[in-house]
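> fold the stuff below for me.
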Amino acid sequence: MRKIIFLFMALMAITGCEQATNSGNQGTPHPDGWMTDEQKNQEPERLPSSIEILARISKDILDAGGRILQWQFNEDTDPFVIIHTQGIDVQEIYKIFNQYEFATLLDIQNGVKNGVPYADIYMNAARKEFTTPEAGAFPVQSSTTAIITDLTKALKQHEISIVSEVMPTASIDNMYYTVAYTTNDKSLVSSMEIFTGICNKYQLWIKKMDVSISSDNSSFTVICTLTYCGKGIAALQGKNSDKIPPAFGYKEPIKREWTFIIYMAADNDLESAAIADFNELEAVEYGDAPVSILVLLDRCPGYDMTNGNWVDTRLFEVKPDPKGLTSTIISARIDCPDLGLSKDTETELNTADPLVLSKLIDFAKREYPADQYALFVWGHGTGWRGGSVADPASEPLKAIAFDDTQGQYMSLPSFGRAIVGKGLSLVGFDTCYAAVLEVAYQIRNDVDLFVGSEGEILSTGWDYTALFTDFLKKPALSINALANSIQTQFASQYAGLNNATISQIQLSQVSNLFEKFDVFAGAVADALITEPAKNIALNQVLNNIEKYHFTSFPSDLYIDIFDFSQKIAAIRSTITADTTRQANIASAASALEAALTSAVPSSWAKNGTTKKIGVHVIPLQGMAVPAALHELAYIKGSMTIDKSAFVEASQHWVPNSVPQGSSLLDKLFYWTY
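Okay, the predicted model is just below:
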């Protein structure tokens, strides 16, 4: 006797019975639902297996709000299927069974146990038998490798997580295949449909299936015994023998090349701009492009009253608007259990919390698997910021993801921790002051390519319609093609804005860039041995070198690294008469230029310059008026605990809690000559 027990979750203890009835046989189910009339008239007739029928019925029960406690499957008894359920009305069960021609409902015993409605369903399901093959009758024994390859890929691409420690395996013993895999318990029904479809593809008949649940209900393990059925189900597919008929519950894997995660931190005065950019995303004609775009939009009370004037946090999958560019969001909300978001409820999230970003990325990768992933950080940005501010007057200088409702922002170190190990191909910052060495160095080990601007950008941000329209028409949707599309649309959009820049930063080259920059800073610091020399260098930094800062103060001051190195190297004989020190500066500037060329392979600037990446100097209190002190989070050795990786690693640029002669910023702002 072959018996298969399917457990969806730990079986609840059932004691006592307040009432029970025997509903009896309700007659022959209505003959529709599994196959169309056209399919039924095809010769020969295609019959689904018992496993496939049960998978479909079980999914319907779950979709109707019921809970399946246990399956008992035994082909040697009549009835050979018993389904134990909770929380579903008997009439709803009848409706479900009336959809299936090949399922016969024999009996329902229902009642209430411990205050919870239950129903035990007794049924038969049609199944097509095949002649047991002789030993060694397999067409190609090595096909187990192909089976496992298909199974692994299909499970991953159908929203089913495979437990990493237990990958699918297969073996052949005499005339049976044995296949085993472990995955999460919430996806059992979908997993069975996919697995059955793959068996059909390889002309394998399921002889036995055992399903067990882990003690903590976090995973289930499937062990199947399969046999080759020759001209069985697969032979009935005719010319399409390489495809799985939809009637058998198998879907071709989604071939998604990119999943985009757009983190719209708009719980601030940029709310209207966020909605406008969302509308730009919907104005794209995506067609059948192999991409998915998710937008987490956090709104703010008081700035924009459109689109229902909701003010919470919602997750959307972007859908094209048939009307093109409008002012109304038409994309559907989606659930995100990881963040406690439901499409039917209002939930306010703190988008300044790095856990929100981290969980969003995890959700997107699990539910929308793709070849590559891109994260766009949307909103305000002030660059290097880490830790807490030392002066309340500098509170506007916050880093990224300003959340006015929570009164918080996300520091650079927090952002770095949120994306560690996430496997992101590209990170784009649709913010101000992103293309700076401090940001690039923080994420250098966790992303391939980084795109952002050195200075300010308009509140309107990027032109997403132009960006995706350009990208999706490319013959290959590569990471470089994406970065080029971002740069192209930005250059077109900001052609009339002075100081506008956009940079593509190759993060694998950033460690070398950081090293060469630090060496250059050290060479300059070593040359500043007099007050007049310091004043010459400081005047260059504050007045002559290409710089970026807000037009209102206080504001952080950033300078362009390439322009800085070239102009300081050009005046090296003015700041020091020592020819050795002059040579050190020249050599370090040359090495830094080479490192910039590798790290910033492409950039655009309104002024025509290249190799665009900046670095923080000091907060300004007015035009060319430096603050008395740096922020504590930018001072090496200060008591602030959440410093950026750049500050922690720098030897010759950032200031120290006790000024050092080897630090250029110490020499410029704190050194006594």
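> domain assignment for this protein?
3-125, 143-248, 258-505, 512-669 (automatic domain parsing).
> mean pLDDT lowest where, among the ones you listed?
Among the domains of the chain, domain 143-248 carries the lowest mean pLDDT, a mean of 52.
> show me what contacts Asn584?
Residues counted as contacts of Asn584 (CB atoms under 8 Å, 6 or more residues apart in numbering) are Ala523, Asp526, Ala527. All C-beta spots, glycine's among them, are computed from the backbone N, C-alpha and C.
> need phi/psi at Phe260.
Main-chain dihedrals, Phe260, degrees, to the nearest 10: phi -100, psi 130.
> number of residues surrounding it?
24 (other CB atoms under 10 Å).
> mind listing the residues bridging to it?
With DSSP bridges as the criterion, Phe260 is bridged to Ile293, Ala374.
> pretty sure it contacts Leu296?
No: counting by CB atoms under 8 Å, Phe260 stays clear of Leu296, with 11.5 Å between them.
> settle this for me: Ala440 is touching Phe450, isn't it.
Yes: counting by CB under 8 Å, Ala440 sits close enough to Phe450 to count as a contact (5.7 Å).
> any common contacting residues for these two?
Joint contacts of Ala440 and Phe450 (CB under 8 Å, 6+ apart) are Ile505, Leu507.
> quick one, phi psi at the residue lying closest to Ile505 once chain neighbours are set aside?
Using CB to CB, 6 or more residues apart in numbering and skipping the chain neighbours, the partner closest in space to Ile505 is Phe450 (4.3 Å). According to degrees, to the nearest 10, the main-chain angles of Phe450 amount to phi -130, psi 130.
> pull the residues that contact the helix or strand harbouring Ile502.
Assigned by DSSP states H and E, Ile502 belongs to strand 501-506. Contacts to strand 501-506, defined as CB under 8 Å, 6+ apart, come from residues 435, 440, 448-455, 483-484, 486-487, 490-491, 494, 598-606, 612-613.
> so where do the strands sit in the stretch 501-650 of the chain?
Ranges of strands in the stretch 501-650 of the chain, per DSSP state E, counting those that start in this stretch, are 501-506, 547-548, 555-560, 602-605, 614-622, 625-626.
> the stretch 351-500 of the chain now?
Under DSSP E, counting those that start in this stretch, the stretch 351-500 of the chain gives strands at 372-378, 400-403, 408-410, 424-430, 447-452.
> for the second one, name the packing helices and strands.
Other helices and strands packing on strand 400-403, by 3 or more CB pairs under 8 Å, 6 or more residues apart in numbering; DSSP states H and E, are strand 258-265, strand 408-410, helix 412-418.
> what of the first one?
Secondary-structure packing of strand 372-378 (3+ CB pairs under 8 Å, 6+ apart): strand 258-265, helix 354-367, strand 424-430.
> which residues sit against that strand?
Residues contacting strand 372-378 (CB under 8 Å, 6+ apart): 257-266, 274, 277, 361, 364-365, 400-401, 415, 419, 422-431, 434, 461, 479, 482.
> repeat for the second one
Strand 400-403 is touched from outside by 263, 265, 267-268, 298, 350-352, 357, 377, 379-382, 409-410, 412, 415, 429, 431, with contacts defined as CB under 8 Å, 6+ apart.
> take the contacts of Asn584 and lay them out in JSON lines including distance to Ile585 and neighbour count.
What follows is the contacts of Asn584, written out as JSON lines (distance: CB to CB, whole Å; neighbours: other CB atoms under 10 Å):
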{"residue": "Ala523", "distance to Ile585": "5", "neighbour count": "24"}
{"residue": "Asp526", "distance to Ile585": "9", "neighbour count": "19"}
{"residue": "Ala527", "distance to Ile585": "6", "neighbour count": "24"}
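> what's the span of stretch 655-673, first residue to last?
Stretch 655-673 stretches 16 Å from its first residue to its last (CA to CA, to the nearest Å).
> same check on stretch 662-673?
14 Å.
> okay, buried residues for that stretch please.
By neighbour count with 16 or more other CB atoms under 10 Å, stretch 662-673 contains the buried residues Ser663, Leu664, Leu665, Asp666, Lys667, Leu668, Phe669, Tyr670, Trp671.
> with mean neighbour count and distance to Thr640 added, can I get the strands of the stretch 501-650 of the chain in TSV?
TSV is the format used below for the strands of the stretch 501-650 of the chain (neighbours: other CB atoms under 10 Å; distance: least, CB to CB, whole Å):
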stretch	mean neighbour count	distance to Thr640
strand 501-506	26	26
strand 547-548	22	24
strand 555-560	24	16
strand 602-605	20	32
strand 614-622	22	15
strand 625-626	14	20
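> kindly reformat these as CSV containing distance to Ser58.
CSV is the format used below for those (distance: least, CB to CB, whole Å):
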stretch, distance to Ser58
strand 501-506, 49
strand 547-548, 60
strand 555-560, 58
strand 602-605, 53
strand 614-622, 58
strand 625-626, 69
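> now for the nearest residue to Ile585 once chain neighbours are set aside, how many residues are close by?
Nearest residue to Ile585, sequence neighbours excluded (CB to CB, 6+ apart): Arg572, at 4.4 Å. Neighbour count of Arg572, defined by other CB under 10 Å: 21.
> ok, now which ones touch Arg572?
Ala527, Arg581, Gln582, Ile585, Ala586.
> narrow those residues to just the buried residues.
Among those, the ones that count as buried by 16+ other CB under 10 Å are Ala527, Arg581, Gln582, Ile585.
> thinking again about what came up before, turn the buried residues of stretch 662-673 into CSV, including distance to Tyr558 and secondary structure.
Below are those laid out as CSV (distance: CB to CB, whole Å; DSSP: H, G, I helix; E, B strand; the rest coil):
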residue, distance to Tyr558, secondary structure
Ser663, 18, coil
Leu664, 15, helix
Leu665, 13, helix
Asp666, 19, helix
Lys667, 19, helix
Leu668, 15, helix
Phe669, 16, helix
Tyr670, 20, coil
Trp671, 22, coil
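> so who does Gln660 touch?
Contacts of Gln660 (CB under 8 Å, 6+ apart): Asp666.
> I should have written Asn512 there, sorry.
Asn512 touches Ala595, Ser598, Ala599, counting by CB under 8 Å, 6+ apart.
> kindly recompute the last result at 10 Å.
Ala591, Ala594, Ala595, Ser598, Ala599 (CB atoms under 10 Å, 6 or more residues apart in numbering).
> ditto for Leu467
Contacts of Leu467 (CB under 10 Å, 6+ apart): 280-281, 284, 376, 428, 430, 482, 485-490, 493.
> not counting sequence-adjacent ones, nearest residue to it?
Per CB to CB, 6+ apart, closest to Leu467 is Gln489, 4.5 Å.
> hmm, Phe468 and that neighbour touching each other?
Yes: look at Gln489 against Phe468 with CB atoms under 10 Å: they come within range, at 9.0 Å.
> ok, the two, which is more surrounded?
Comparing Gln489 with Phe468 by other CB under 10 Å, the one with more neighbours is Phe468, at 24 against 21.
> from Ile457, how far out is the spatially closest residue to Tyr494 that is not a sequence neighbour?
In space, and not counting its chain neighbours, Tyr494 is closest to Ala500: 3.8 Å by CB to CB, 6+ apart. Distance, Ala500 to Ile457, by CB to CB, to the nearest Å: 7 Å.
> ok, those two, which is more surrounded?
Per other CB under 10 Å, whichever of Ala500 and Ile457 has more neighbours is Ile457, with 25 against 21.
> Asp269 reaches Pro301, doesn't it?
No: under the contact definition of CB under 10 Å, Asp269 does not touch Pro301, with a separation of 11.5 Å.
> common neighbours of these two, please.
Overlap of the contact sets of Asp269 and Pro301 (by CB under 10 Å, 6+ apart) consists of Asp404.
> end-to-end on stretch 364-381?
Distance across stretch 364-381, first residue to last, is 24 Å (CA to CA).
> please shift the residue numbers so they start at 3 in all later answers.
Done: numbering now begins at 3, and the last item shifts to stretch 366-383.
> next, the buried residues of that stretch.
Neighbour counts using 16+ other CB under 10 Å place 366-367, 369-372, 374-383 of stretch 366-383 among the buried residues.
> cheers, nothing more for now.
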